[in-house]
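Enquirer: A predicted structure for the sequence below; I have some questions about it.
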Amino acid sequence: MSSAYSEVFVAIAAVDLAPVVQFYETVFACTPIVQGDRYTEFQLGTLRLGIFKPATSNEAEFPARTNSLSLCVEVDDLGAFIERLRSLNIPVPGSITTASHGREIYIYDPLGDRLILHEQTKVGHN
């Protein structure tokens, strides 16, 4: 089966690029690929996350945000991940919630986009 596309990745517009790039660099503890002064990209496992500064003439396309983006981040140890973020001065508001699929908590990037930090329920074998 052939498709008309080869890849899909996420891109976030940020008029003020630097704090958003710094946030993701800190949270994911990885060095981004910087492509000029308007685009930075992170390779996060199988996800490519691009962050771009819109051209001044296009900034009107990105009005007040609705914060509809959520990135789901699966972590091995939610408590340890939260402690690492706090040690790096990343705010972790709220408390851990538990659902049938595991434990999770939300953090927010400088644009107000939500990252769902999720630890899957461990399934024991008897």
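Expert: Received, thanks. Owing to the predicted nature of the structure, the values given are computational and were not obtained by experimental measurement. Numbering: from 1, shown residues only.
Enquirer: can you give me the buried ones in stretch 20-27?
Expert: 20-21, 23-24, 27 (16 or more other Cβ atoms under 10 Å). Glycine gets a C-beta too; all of them are placed from N, C-alpha and C.
Enquirer: quick one: low-confidence parts of this structure?
Expert: 1-3, 64-68, 123-126 (pLDDT under 70).
Enquirer: quick one: the strands in it?
Expert: In the chain, the strands defined using DSSP state E lie at 10-13, 33-34, 39-44, 47-52, 70-74, 97-99, 102-108, 114-120.
Enquirer: make CSV out of those strands and add distance to residue 86 and mean neighbour count.
Expert: Compiled in CSV, those are given as follows (distance: least, Cβ to Cβ, whole Å; neighbours: other Cβ atoms under 10 Å):
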stretch, distance to residue 86, mean neighbour count
strand 10-13, 24, 15
strand 33-34, 27, 12
strand 39-44, 21, 18
strand 47-52, 22, 17
strand 70-74, 16, 14
strand 97-99, 18, 10
strand 102-108, 10, 17
strand 114-120, 12, 17
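Enquirer: closest one to residue 88 among those strands?
Expert: strand 102-108 (11.4 Å; Cβ to Cβ).
Enquirer: tell me who's in contact with residue 117.
Expert: 73, 75, 78, 81-82, 104-107 (Cβ atoms under 8 Å, 6 or more residues apart in numbering).
Enquirer: then residue 92?
Expert: By Cβ under 8 Å, 6+ apart, the neighbours of residue 92 are 82, 85-86, 105, 107.
Enquirer: got CSV for those residues, with distance to residue 34 too?
Expert: Output for the contacts of residue 92, formatted as CSV (distance: Cβ to Cβ, whole Å):
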residue, distance to residue 34
82, 28
85, 23
86, 27
105, 30
107, 23
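Enquirer: and which of those is nearest residue 51?
Expert: residue 107 (16.4 Å).
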